[in-house]
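Enquirer: build the 3D model from these lines:
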Amino acid sequence: MSTHSTVAPPLELQPSTETRARHQTAGLYRATRPRAQAPHPLVLRRQIGEASDFGKLEKAASALRTTAVSLHNAHVGATDASGVISTLTDSLTCRAIELSIRELGPPPCPFSWVALGSHGRREPVPGSDVDSALVLDCDREDEDPKSYMLSLGSRVCDALARCGLVADKRGASAGGDLFVRPVHDWRRLIRESISEPEKDKGLIVISLFLDGRVLYHGGGASALRDEFAAAVGNRGLLRLMLRLALANNPATARLRYFSLERSGVHRGRLDIKHGGLLPVTTIARYAGLAAGAIAAGSTPERLSAADVAGTLDGDVARSLREAFELFQSLRLEHQVDQIERGVEPDDYLDPKALEPARRLQLRDALRAVRAIQKKLHRGLSSGRAVA
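Expert: You can find the predicted model right below:
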């Protein structure tokens, strides 16, 4: 992998030290420090790496959200801002792992920490959940390392939570037993999921690890990606992946601009993550796999690969990329506004608070995604899954 890439392929090593962060942040931040009083991302990354205990790590991490605000105020695009947030989160995770090992003692076997979900795709925002897995590179005859690794995973996840990076309690977490396994168990699970995707949440396993990216490498986790070669050209699996993608409806309504939350604390708000981004990211995941682009980790990369391979029509891929950029931008703007007001960031924005032109833009993008879903559904029904 080239160190000049700003988006890492899934399940590959990260470039060392300053290289990635320098490409992502150079020239993006200079004008903002006086306004937001946040250190330059490169300085913050160094502070994280030099933290000698968890208290100092938390102190360094306290600038992470302010940095996101500063990037936004400097008119840095949402994709670039997410890349910087991802790089800093990687640094926090790696340092938390190192500090945990210092307390627990040397690990009984090599291991890898895999970022999943939006962090795996390098598309997080300040309020994103942290999904993760531990891959143990232990021999079958070795003494069971599970107890140590569960302690390690729990410590790291707890440290990240204190830094404002909380795992979804219903999601994947290296702090839980289900997501701490030897590499041979993970490979077997992926093979079984590809072979029988409708059994035991196989599609979820496939989706998680297609997004996976190794950010702390000590074992054979990079080999997990090899298992997905069997998924390329598997028409039955691809149809199921597409059907799963089409189950995520955009937040648009026939007689109204938007489909809003009808009850609870978010009543009258639009869930930009599930009602905007999720329909696009799941189509992109399907289309990238159908194109054989297993190494394409981000949503824009997958859509570009699908365009080149003909998995998606060029106009469709372009519309989805534009929709993704808009939804991600609105999500970041919403969370930055919440951070500046001292409110915990979430994904529920108020469309009425948007400028009229921006509101129309959101409406049109949601409708465009819905129209693409209908086209893909017709292709699915006729045996053709290309839009």
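
Enquirer: all strands of the stretch 1-150 of the chain, in order?
Expert: Ranges of strands in the stretch 1-150 of the chain, per DSSP state E, counting those that start in this stretch, are 111-116, 131-136.

Enquirer: in TSV: those strands, plus mean neighbour count and distance to G220.
Expert: Yep, even glycine has a C-beta here, placed from its N, CA and C like the rest. Shown next, in TSV, are the strands of the stretch 1-150 of the chain (neighbours: other Cβ atoms under 10 Å; distance: least, Cβ to Cβ, whole Å):
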stretch	mean neighbour count	distance to G220
strand 111-116	27	8
strand 131-136	27	7
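
Enquirer: tabulate these in a markdown table, adding columns for mean pLDDT and distance to E50.
Expert: Formatted as a markdown table, these follow (pLDDT from 0 to 100; distance: least, Cβ to Cβ, whole Å):
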| stretch | mean pLDDT | distance to E50 |
| --- | --- | --- |
| strand 111-116 | 96 | 20 |
| strand 131-136 | 95 | 23 |
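
Enquirer: could you point out which of these sits nearest L224?
Expert: Judged by Cβ to Cβ, the one of the strands of the stretch 1-150 of the chain that comes nearest to L224 is strand 131-136, at 7.0 Å.

Enquirer: now the closest one and strand 111-116, what's the angle there?
Expert: 160 degrees (axes from the mean of the first three to the mean of the last three Cα atoms, to 10 degrees).

Enquirer: can you give the contact residues for strand 131-136?
Expert: Identification of contacts with strand 131-136 by Cβ atoms under 8 Å, 6 or more residues apart in numbering yields 93, 109-120, 145, 149, 152-153, 157, 167-168, 171-174, 179-183, 186, 208, 212, 214, 219-221, 224.

Enquirer: partners of it in the sheet?
Expert: Here strand 131-136 is paired, per DSSP bridges, with strand 111-116 (antiparallel), strand 180-182 (parallel).

Enquirer: which residues touch the last one?
Expert: Residues from elsewhere that reach strand 180-182 (Cβ under 8 Å, 6+ apart): 133-138, 140, 146, 149-150, 153, 174, 189.

Enquirer: now do that strand: distance to the chain's middle.
Expert: Mean-position distance between strand 180-182 and its chain equals 21 Å (Cα atoms, centre = their mean, to the nearest Å).

Enquirer: list the buried residues of it.
Expert: For strand 180-182, a neighbour-count test (16 or more other Cβ atoms under 10 Å) marks 180-182 as buried.

Enquirer: could I get those as CSV with distance to Q47 and pLDDT?
Expert: Output for the buried residues of strand 180-182, formatted as CSV (distance: Cβ to Cβ, whole Å; pLDDT from 0 to 100):
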residue, distance to Q47, pLDDT
V180, 29, 94
R181, 33, 93
P182, 35, 92
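
Enquirer: can I get those residues in CSV with distance to G314?
Expert: Output for the buried residues of strand 180-182, formatted as CSV (distance: Cβ to Cβ, whole Å):
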residue, distance to G314
V180, 42
R181, 40
P182, 43
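
Enquirer: can you tell which of the strands paired with strand 131-136 is closest to S298?
Expert: strand 111-116 (12.7 Å).

Enquirer: ok, which stretches of the stretch 251-387 of the chain are strands?
Expert: With strands called from DSSP E, counting those that start in this stretch, the stretch 251-387 of the chain shows them at 270-271, 348-349.

Enquirer: I'd like to know which of these lies nearest to R363.
Expert: Counting by Cβ to Cβ, R363 lies closest to strand 270-271 out of those; the figure is 10.4 Å.

Enquirer: coming back round to it: of the buried residues of strand 180-182, which is the nearest to S62?
Expert: Nearest to S62, judged by Cβ to Cβ, of those is V180 at 28.8 Å.

Enquirer: hey, what's the closest residue to the closest one other than its chain neighbours bridged with?
Expert: Spatial nearest neighbour of V180, excluding adjacent residues (Cβ to Cβ, 6 or more residues apart in numbering): L134 at 4.4 Å. Legend: beta-bridge partners of L134 under DSSP bridges are W113, V180.

Enquirer: let me know the distance separating L134 from A115.
Expert: From L134 across to A115, the span is 11 Å (Cβ to Cβ, to the nearest Å).

Enquirer: now what about stretch 144-160, what contacts it?
Expert: The contact list for stretch 144-160, computed with Cβ under 8 Å, 6+ apart, reads 54, 57-58, 92-93, 96-97, 99-101, 103-104, 107-109, 111, 113, 130, 132, 134, 136, 138, 166-167, 173-177, 179-180.

Enquirer: recalculate using a threshold of 6 Å.
Expert: Outside stretch 144-160, the residues that touch it by Cβ atoms under 6 Å, 6 or more residues apart in numbering are 54, 96-97, 100, 108-109, 130, 134, 136, 138, 167, 173-175, 180.

Enquirer: ditto for stretch 222-242
Expert: Residues from elsewhere that reach stretch 222-242 (Cβ under 6 Å, 6+ apart): 11, 186-187, 190-191, 194, 197, 214, 286, 290, 292, 294, 380, 385.
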